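Novice: Predicted coordinates and the sequence they were generated for:
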Amino acid sequence: MNETESEMQARLLAKALPFMQRYENKTIVVKYGGHAMGNPELGKAFASDIALLKQSGVNPIVVHGGGPQIGAMLSKMGIESKFEGGLRVTDQKTVEIVEMVLAGSINKEIVALINQTGEWAIGLCGKDGNMVFAEKARKTVKDPDSNIERVLDLGFVGEVVEVDRTLLDLLARSEMIPVIAPVAPGRDGATYNINADTFAGAIAGALNATRLLFLTDVPGVLDKNGQLIKELSVAEAHALIADGTISGGMIPKVETCIDAIKAGVQGVVILNGKTAHSVLLEIFTEHGVGTLIVP
Ligand SMILES: Nc1ncnc2c1ncn2[C@@H]1O[C@H](COP(=O)(O)OP(=O)(O)O)[C@@H](O)[C@H]1O
Ligand SMILES: CC(=O)N[C@@H](CCC(=O)OP(=O)(O)O)C(=O)O
């Protein structure tokens, strides 16, 4: 007979008790990427995992992305998506749509999913409670032929420069689960679009989170043979980037993990958001399911 969702949760719970004690009152930041969304069953499983963390005395904070969903809305409006160095080139019209999609529909969709579990989620972005301030990102790229560095003008793409924990500390002591969109104001009054991975890293760093989880579309960091690497030190991660084992979108993700560790996060995990209940399986089992990056 197939196990129901509640039977599975009860079974997990029995095994999970020692881990619940380990993470009691600890902050776990979960980055929920746009590629991990879209499947209603997985969305429900994700929301119930976050709810269960809260019920277990953990302080979960969700930071979400929504790159594909922004792309779909832009294309509906006849605007082409353009990326440089993995970041969306964001003009005034685009940042308005980014804010509408991220802090609007996606944020409220995740809030509603968590609320349906019986828990209380509150949807925010960096603007709320003066939580996050950003400034214009200063990115450079090297021309592979000439090796000359070029400064990229990405428009309203931001980098986090300040996190005020007041609101998040208040929410940690409440029933509320914060769900945060990676949009933040600048001191210049502009609105900035921030890559969700780096935004999550900045929040986790400012809170000295015990864990930062990145839900992606692969089981974790894979070695040259495609096998999952269970644990990776910062030095080993640098070596895998240098020898090309880690490539593409995994490079900025692992670099964000390294920055978060340097900022005081105790452990960062890259895991598969396309596996149901991966958050619970990571947090409430002995060996976890993804790649743990440690100092
Ligand atoms: N060593 C590696 N281990 C795992 N994934 C890797 C590795 N090197 C490159 N990748 C690629 O990185 C991708 C994840 O990065 P990305 O697509 O940016 O994730 P997301 O959209 O979830 O933020 C994987 O789908 C995979 O194609
Ligand atoms: C500057 C920049 O590129 N911002 C991202 C923000 C969303 C994001 O990062 O979403 P995922 O986690 O789903 O990729 C964007 O506009 O797509």
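Specialist: Good, I have the coordinates. Ligands and ions are numbered 1, 2, ... in the order given.
Novice: now stretch 120-136, how far from the chain's geometric center?
Specialist: 14 Å (C-alpha atoms, centre = their mean, to the nearest Å).
Novice: Would you mind listing the residues in contact with the residue of the chain found nearest ligand 2?
Specialist: As assessed by C-beta to the nearest ligand atom, ligand 2 sits closest to G65 within the chain, at 2.1 Å. Yep, even glycine has a C-beta here, placed from its N, CA and C like the rest. If a contact means C-beta atoms under 8 Å, 6 or more residues apart in numbering, then G65 has 31-34, 102, 182, 195-197 as its contacts.
Novice: restrict those to those near ligand 1?
Specialist: Subset of these in contact with ligand 1: G33, counting by C-beta under 6 Å from any ligand atom.
Novice: Give me the buried entries from the contacts of G65.
Specialist: 31-34, 102, 182, 195-197 (16 or more other C-beta atoms under 10 Å).
Novice: Kindly reformat those as a markdown table containing secondary structure.
Specialist: Below are the buried ones among the contacts of G65 laid out as a markdown table (DSSP: H, G, I helix; E, B strand; the rest coil):
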| residue | secondary structure |
| --- | --- |
| K31 | strand |
| Y32 | strand |
| G33 | coil |
| G34 | helix |
| L102 | helix |
| P182 | coil |
| N195 | coil |
| A196 | helix |
| D197 | helix |
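Novice: wait, which of those is closest to ligand 1?
Specialist: Nearest member of the buried ones among the contacts of G65 to ligand 1, counting by C-beta to the nearest ligand atom, is G33, at 4.0 Å.
Novice: wouldn't that closest one be in contact with F199 here?
Specialist: No - G33 lies out of contact with F199 (C-beta atoms under 8 Å); the separation is 11.6 Å.
Novice: Show me which residues of the protein sit near ligand 2.
Specialist: Counting by C-beta under 6 Å from any ligand atom, the chain sits next to ligand 2 at 33-34, 65-67, 70, 87-88, 98, 157, 182, 193-196.
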